[in-house]
Structures are given as structure tokens and as C-alpha cells.
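Visitor: would you be able to build a 3D model of this:
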Amino acid sequence: MKPAILIIDDESAIGSSLRFALENEYEVTAVTHVPNGYELLKEKSMDIVLLDWRLGKYNGLEVLTEIKTIQPDIAVIMMTAYGTIESSVEAMKRGAYHYITKPLDLDELELLLEKALEHRQLHHKIRELSDTIEKIKGYDQMIGESDVMKQVFSLIDRVKDIDSSVLIFGESGTGKELVARAIHRQGKRKNGPFISVNCAAIPEALLESELFGYAKGAFTGAVRSQEGKVAVANGGTLFLDEIGEMPPSLQAKLLRVLQEKEITPLGSTETKNVDVRIISATNKNLLSMIEEGSFREDLFFRLNVIPIQLPLLRDRKEDIDLLISYFLKKYAEEMQRPLPTLSSRAYDQLINYDYPGNIRQLGNILEYAVAMAKERVIQLEDLPITAVKTKESSTMLEHSTNDQEVIEVPIEATMKEAERLIIEAVLEHCGGNRRQTASALEISERNLRNKLQLYRQEQK
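Guide: Residues are numbered from 1 along each chain as shown. Predicted coordinates for the structure are as follows:
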């Protein structure tokens, strides 16, 4: 369907000539009487109005105001033979998209119409995105309307007000801590503390004192007694992330907390009663660890009273659109930038990507894109290379040499660091040839040059 243009000009010859010049690309309607224009706008949605500044007894600025009242999103281009900077500024303040002076330059007008359409389409996308964000469905701070996530939300709602232990299973980046926090915030313990401990992030020698506290003099440097995280969580919830990393020596002490509701600080003989709900999470196969002897079976059954399995992002693809909307709004606000939208190519790539890093990876990709995009529309080349790498480009790279090369990326690397490692490795593989490198990575030479310049600046 052609874009619709309404011309309001009291000179019928201008309307006729413009209709003749534009009718191949646009559906053009021309009127010489302002009230007729109002009636048409009330009956039919238009994309653009070409509005004459002087219309007999009507003032163009007043007509502009009325048009924007009837169709607020319409793009209005003022036409005038009496243009001044002051009048143009006033027109823009009242909502005009732009203005053009008479006699009209057809090439200039066609370019202005194209830009006005792009502006209107962008405005529609942003509004649709904002509407989508307002309608985002989920639970607590989690987003999703897929059947599998509805099941997770339902389970959370059923267990939030009981004290049974919960064990959350899921790969890295699937939102295990969000589930734990939702159970706490929505449940009867919401007024108590929520204490989170990552068992993999604390050295084994320190984890015992971190969890259970210590008495004065328990070790060199213990000049005073210190409460552990279990005691601090009294009356609330203790979240033990990556529970599979807890050393066997501490698993027995945690089992005692679950069974007896009491703790013994390091270096003390006194026990303390605690009222704490324990929620744990893991991305490991604890049953295999039990068979290997690295995880206690009795502790597993105490922790796994209520299991919650979180799906991979690629298994809940119907939620990706909602998550994209959420992250775009989040990072635009954090970076104090206008809410962006996605080009069709960038959107298709994000919808169809597999996300080995799950929701966390999607968030990192969109944070990068919002930061790097030069325009309000995020293009495919604004996405990090790890998100746009395709099988076709990988095959091309492998076939360019007799030996298949492997690029090693540390698991702790950020998206930006991973992209840099890949780009530098491919550049070296291509013997420094930027054209071949850009072709292999499926980005423009200009984009590659900008990234390499950024890397050099960061090294200074």
C-alpha cells in the first residue's frame, strides 16, 4: 500500500501539479478548502500533510495545531513563500516535521518526504515498543509469557509462603537468583533479610567463617566476634548460589542448619538457633556429584524438597521479544539516550540467535548495541560480532586455510572483550587484510576500522 499524502493549498494548480509529480510513489489527495482537509483527516489515516502557510482567512499555524489534534502522529510539512527563521521555529514548536519554501524544488521535496516517512515509522515503532513494555507479563521482576515460564511463576506462587527448601536448577544466565528473590519478596518472609552467597566466589578457607561466623580469637586476626551470613539472614532467606561448589567439609555444617536450625560459629562451642529459609541454586548435575562422592546425598535431599527447573532462553523463544523490549528501555534510560528501535535485520538476528549465555547474554548484547549505535535505529552491524556470526561466515573462514583454527575466549570475558579477541584473531588469520577480515566477519570495512581504532586508543 502506498503512503498517503494530503495536500492543503488554496491554489488548485499547486495541488494538481504535486499530485501529478508524486502519484507514482504516493496516494495523493489535494484540497483547496481547510474544512475539507479536516473532514478527510477525521475519516482516513494519512501519513503526511503538505500544508500551505497562508490559506486565505486561515492561518497555517492554527491549521497545523488542529491537524495535530485530529491525528497527533502525522508528519506535517509546511510550504511557504514567506519563510523566516522565526516562523519556522514556531512551526516546529507546534509539531511540524519540517518546512519547504516555494517555489518547490521537487528533488528536495521527495527527499524530505522520504525522511518524514522514516520519522513517522520510527515514531510508530517506538510507541509500539513502549506499549509492549507497558504490557510486559511476568512475575515479580521476571519477564515471560511462555507456557514454560508460566509454570515456573505458578510454582513460585505456590511455595512462597512455606519454609520448605527450594533447589533451583538452570544454566548460567537463566535467572536463578531472580527466582530466589521473587520467592522471598512475594512470600511471608519479605520483611526479613535476603542474603545471597555465591559459594564459588569465596575461597574455601574463608567460606566457613563467611557462612557461620567466628568467635574472637578463632584465628589470627580475629580480634572480635563476627556473625556469619546464616545468622544475618535470621528471619529471612539465605540464597546459596552455585551450591555444587561448596566443599564437602562444609556440607555437614549446612546439613545441621537444615536439620536442627542451629549454627556453631568457627572457634566457638556455643550454638545459636536460627530461623532461616534456605534457597539454593546450581548449574551442575548434583546426582552425578553424589555418585562421585563430592556431594552429600543427605544434603541433596534436604535442599531438593522443592525443585524448580529454569528453561534455556532458546527453549522459550516466544519471550525474547518481551526481553528485547525490556533491555532496550533499561539501557536507554541508564545511558540517558532516546529509546531506540531495531532494524528488521537486527531484530531477525536477535530473534533467531541461540543464546548460549541465555538471558544474561541477551542483556549484554543489547547493552552493547545501545551504547554503540550511532542512530536511533540499531542496525545489524551495531550488534557485537559474537551475536551475528553465522555458519556461513564460519565456513568461509575455515575454508580459507588448510588448517581449521580455534579462537579461545576465556569464560569470564565480557562481550566486548570476546569481540575484540575474535576480531584480532581473524585479522591475524587474514594476514592483516582488512577487506578479507571484514568479509569473513560479515561487517563493513568502516565498522572494522572504527573498532580497530577504538582498540588502539584503549591501549594508550
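
Visitor: residue 350 reaches residue 383, doesn't it?
Guide: Yes. Residue 350 lies in contact with residue 383 (Cβ atoms under 8 Å); the separation is 7.4 Å. Heads up, the C-betas are built off the backbone N, CA and C, glycines and all.

Visitor: overlap in contacts, the two.
Guide: residue 365 (Cβ atoms under 8 Å, 6 or more residues apart in numbering).

Visitor: going along the chain, name the helices of the stretch 1-150 of the chain.
Guide: 12-22, 34-43, 60-70, 85-93, 106-134, 147-159 (DSSP state H, counting those that start in this stretch).

Visitor: any regions of the stretch 201-350 of the chain where pLDDT drops low?
Guide: Across the stretch 201-350 of the chain, no stretch falls below the confidence threshold (pLDDT under 70).

Visitor: again, only using 90
Guide: 203-206, 213-227, 249, 264-271, 337-348 (pLDDT under 90).

Visitor: so where do the helices sit in it?
Guide: Under DSSP H, counting those that start in this stretch, the stretch 201-350 of the chain gives helices at 204-212, 229-232, 248-260, 286-292, 297-303, 320-334, 344-352.

Visitor: quick one: residues in contact with the shortest one.
Guide: For helix 229-232, the surrounding residues in contact (Cβ under 8 Å, 6+ apart) are 193, 195, 197, 210-213, 238, 257, 263, 272, 274, 276.

Visitor: swap in 10 Å and give it another go.
Guide: 193, 195-197, 202, 207, 209-213, 238-240, 253-254, 257, 262-263, 265, 272-274, 276, 278 (Cβ atoms under 10 Å, 6 or more residues apart in numbering).

Visitor: and the spatially closest residue to residue 160 that is not a sequence neighbour, how far is that from residue 64?
Guide: Spatially, and ignoring its direct neighbours in sequence, residue 160 is nearest to residue 187 (3.5 Å; Cβ to Cβ, 6 or more residues apart in numbering). Counting by Cβ to Cβ, to the nearest Å, the gap from residue 187 to residue 64 is 55 Å.

Visitor: higher neighbour count, the two?
Guide: residue 64 (21 against 18; other Cβ atoms under 10 Å).

Visitor: contacting residues for that one?
Guide: Applying Cβ under 10 Å, 6+ apart, we find residue 64 in contact with 8, 49, 51, 53, 76, 78, 90-91, 94-96.

Visitor: just the buried ones from these?
Guide: Among the contacts of residue 64, those classed as buried by 16 or more other Cβ atoms under 10 Å are 8, 49, 51, 53, 76, 78, 91, 94-96.

Visitor: can you count the residues close to residue 24?
Guide: Counted with other Cβ under 10 Å, residue 24 comes out at 8.

Visitor: in which helix or strand does residue 168 reside?
Guide: Element membership of residue 168, judged by DSSP states H and E, is strand 166-169.

Visitor: quick one: buried residues of that strand?
Guide: Residues of strand 166-169 classed as buried: 166-169 (neighbour count, 16+ other Cβ under 10 Å).

Visitor: helices or strands up against it?
Guide: With contacts defined as 3 or more Cβ pairs under 10 Å, 6 or more residues apart in numbering; DSSP states H and E, strand 166-169 has these neighbours: helix 147-159, helix 176-186, strand 237-241, strand 277-282, helix 297-303, strand 306-309.

Visitor: quick one: contacts of the first one?
Guide: Outside of helix 147-159, the residues within contact range by Cβ under 10 Å, 6+ apart are 137-140, 142-146, 165-166, 168, 170, 175, 179-180, 182-183, 186-187, 279, 305-312, 315-316, 318-319, 322.

Visitor: try it again at 6 Å.
Guide: The contact list for helix 147-159, computed with Cβ atoms under 6 Å, 6 or more residues apart in numbering, reads 139, 182-183, 306, 308, 311, 316.

Visitor: only C-alpha atoms, please: export it in CSV.
Guide: The C-alpha trace of helix 147-159 is given here as CSV (Å, rounded to 0.1, in the frame of the first residue of the first chain):
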residue,chain,number,x,y,z
ASP,A,147,3.9,-21.7,28.9
VAL,A,148,7.2,-22.9,30.5
MET,A,149,7.7,-19.7,32.4
LYS,A,150,4.0,-19.6,33.4
GLN,A,151,4.6,-22.9,35.1
VAL,A,152,7.7,-21.5,36.9
PHE,A,153,5.7,-18.5,38.1
SER,A,154,2.9,-20.7,39.3
LEU,A,155,5.3,-22.9,41.2
ILE,A,156,6.9,-19.8,42.8
ASP,A,157,3.4,-18.6,43.9
ARG,A,158,2.7,-21.9,45.5
VAL,A,159,5.9,-22.2,47.5
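
Visitor: report the buried residues of that helix.
Guide: Applying 16+ other Cβ under 10 Å to helix 147-159 flags 149, 152-153, 155-156, 159 as buried.

Visitor: now that helix and strand 277-282, what's the angle there?
Guide: With axes from the mean of the first three to the mean of the last three Cα atoms, to 10 degrees defining the directions, helix 147-159 sits at 160 degrees from strand 277-282.

Visitor: still on that earlier bit, from the chain's centre, how far out does the strand holding residue 168 sit?
Guide: Relative to its chain's centre, strand 166-169 lies at 25 Å (Cα atoms, centre = their mean, to the nearest Å).

Visitor: now stretch 183-201
Guide: That offset, for stretch 183-201, works out to 25 Å (Cα atoms, centre = their mean).

Visitor: end-to-end on that stretch?
Guide: From the first residue to the last, stretch 183-201 extends over 23 Å; the measure is Cα to Cα, to the nearest Å.

Visitor: what residues of it count as buried?
Guide: 183-184, 186-187, 189, 192, 194-197, 199.

Visitor: distance-wise, check residue 365 relative to residue 358.
Guide: Between residue 365 and residue 358 the computed distance is 11 Å (Cβ to Cβ).

Visitor: with residue 292 instead?
Guide: Counting by Cβ to Cβ, the gap from residue 292 to residue 358 is 26 Å.

Visitor: go on, residue 457?
Guide: For residue 457, the distance to residue 358 equals 32 Å [Cβ to Cβ].

Visitor: dihedrals phi and psi, the residue nearest to residue 160?
Guide: phi -100, psi -170 (degrees, to the nearest 10).

Visitor: might one say that it is in contact with residue 161?
Guide: Yes. When contacts are counted by Cβ atoms under 6 Å, residue 187 is listed as touching residue 161 (5.1 Å).

Visitor: residue 346 - how many residues pack around it?
Guide: Residue 346: 22 neighbours (other Cβ under 10 Å).

Visitor: list the residues that contact it.
Guide: Counting by Cβ under 6 Å, 6+ apart, residue 346 has contacts 378-380.

Visitor: please consider this matter closed, and thank you.
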